[in-house]
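Peer 1: with the sequence up front, the predicted model follows.
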Amino acid sequence: MDRDLDSAVAAARALGHPARLRAVAMLRGGELCVCQVTEVLKLATSTVSLHLRELKRCGLVTERKDGRWVYVGLSDDLTAREWVRVAIAAAGDEPQLEADERLVEQLRRVPVEDLCRLGYDGALARAASGSTRGPNRRASGECR
């Protein structure tokens with residue numbers, strides 16, 4: 001019983017932070033690269049990593065690596081999914097979640113490699129110009 005209570009408290013606490021609630025809401029459409037989550041939240045990569053680590057620790061999200069890229073997604077665990085569903089339902093028609101969802105749709109069209117190296121604006125400019133060359137790394141760093 002204590003273990004179930006501890007798990008419930010950990011999930012509730014994790015979902016009680018706006019950045020973490022926004023992160024799980026954007027993952028409803030499928031996994032995202034950490035750089036995509038970072039772009040939406042407009043936080044430092046290290047801060048986003050801490051938030052994602054907390055969500056992972058309590059079992060709400062999973063993580064997988066694909067070369068240099070780290071992807072996060074919602075856990076397949078039914079209890080975890082229910083926690084996420086209830087938390088997002090409690091937020092109602094929150095404009096920030098809707099804006100995040102629109103931005104995620106746009107980010108899914110941008111190659112992750114370009115987003116991580118060039119940032120969102122740089123990746124869009126590169127796509128618009130048809131360029132195949134660009135800076136080697138993003139000013140704020142690369143994907144973790």
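Peer 2: In hand now; what should we look at? Quick caveat: nothing in here was measured; it's all calculated off a predicted structure.

Peer 1: wait, what's in contact with the most centrally placed residue in the chain?
Peer 2: Geometric centre of the chain, nearest residue: residue 37, 3.2 Å, by CA atoms, centre = their mean. Contacts for residue 37 (CB atoms under 8 Å, 6 or more residues apart in numbering) come out as 23, 26, 48, 52, 72. Every C-beta, even on glycine, is put in place using the N, C-alpha and C of the backbone.

Peer 1: kindly export whatever helix or strand residue 123 lives in (C-alpha atoms) in CSV.
Peer 2: Using DSSP states H and E, residue 123 maps to helix 112-129. Below are the C-alpha coordinates for helix 112-129, written out as CSV (Å, rounded to 0.1, in the frame of the first residue of the first chain):
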residue,chain,number,x,y,z
VAL,A,112,15.4,17.2,-35.8
GLU,A,113,19.0,17.5,-37.0
ASP,A,114,18.4,21.0,-38.3
LEU,A,115,16.4,22.0,-35.2
CYS,A,116,19.1,20.9,-32.8
ARG,A,117,21.9,22.5,-34.8
LEU,A,118,20.3,25.7,-36.0
GLY,A,119,17.3,26.3,-33.7
TYR,A,120,13.8,26.7,-35.0
ASP,A,121,14.2,30.0,-36.8
GLY,A,122,17.5,28.7,-38.4
ALA,A,123,15.9,25.5,-39.4
LEU,A,124,13.0,27.3,-41.1
ALA,A,125,15.3,29.7,-42.9
ARG,A,126,17.4,26.7,-44.1
ALA,A,127,14.3,24.9,-45.4
ALA,A,128,13.0,28.1,-47.1
SER,A,129,16.4,28.7,-48.8
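
Peer 1: right, I'll call it a day here.
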